[in-house]
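A.B. asks: Make a model of this:
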Amino acid sequence: MSIFSKNTPATENESTSNQEAAEEHIASEELASSASVSEQVTRLDSSARSSVLTKPSIISEGFTFEGTITSDGVLNIAGTVRGKITAKSVLIDSSGQVDGELNSEQLVIKGQLKGDVNCDDLNVGPLAHVDGNISYKYIHIQRGGRVAGKFIKN
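C.D. replies: Next comes the predicted model:
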């Protein structure tokens, strides 16, 4: 029977061509839905990647790390790091200690830092102890913060 006529029985050729058309329609719907699924997966992957980059890396209190740390994001240090650090943003917490070379765009020091530093924006907290060669663009030292060494404005 033809899909266009209820009364006229379909010949074999018509039913075959109708069936093929229906199969093509279903196949095109599946292709469209699979494309939208892949687009959704791609969107999910990119949003998941961006959320991963915004999560901070943390060196917890009581933890000692010796070596090189490299990060495109934020690094929070509440423990001890000895070595070289390169990160977009670094926070040395009040219990944190860093001994070594540090490179970052933004550096907030609430704990202790000893070594060579190269940063754009430096903020020294009221309980901080900083000793070393500090290269910076902008600096803010809060009352009570102790600094010693060579400071170089970029």
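A.B. asks: Now the strand or helix carrying residue 65: buried residues?
C.D. replies: According to DSSP states H and E, residue 65 maps onto strand 64-77. Neighbour-count burial for strand 64-77, with 16 or more other CB atoms under 10 Å as criterion, is recorded at 69, 71, 74, 75, 76, 77. Placement of C-beta: from N, CA and C, glycine included.
A.B. asks: can you redo these as CSV with pLDDT and distance to residue 140?
C.D. replies: What follows is those, written out as CSV (pLDDT from 0 to 100; distance: CB to CB, whole Å):
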residue, pLDDT, distance to residue 140
69, 96, 24
71, 93, 23
74, 96, 19
75, 97, 20
76, 97, 19
77, 98, 19
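A.B. asks: as a whole number, average confidence for stretch 134-149?
C.D. replies: The pLDDT scores in stretch 134-149 average 95.
A.B. asks: What residues sit buried inside it?
C.D. replies: 134, 135, 136, 141, 145, 147.
A.B. asks: Between all of those residues, which two are separated the most?
C.D. replies: 135 and 145 (17.8 Å; CB to CB).
A.B. asks: just the helices in this structure please.
C.D. replies: Chain-ordered helices for the chain, with DSSP state H as the definition, fall at 12-54.
A.B. asks: give me the low-pLDDT residue ranges for it?
C.D. replies: 1-53 (pLDDT under 70).
A.B. asks: so residue 99 sits right up against residue 115, yeah?
C.D. replies: Yes: with contact taken as CB atoms under 8 Å, residue 99 and residue 115 are classed as touching, separated by 5.8 Å.
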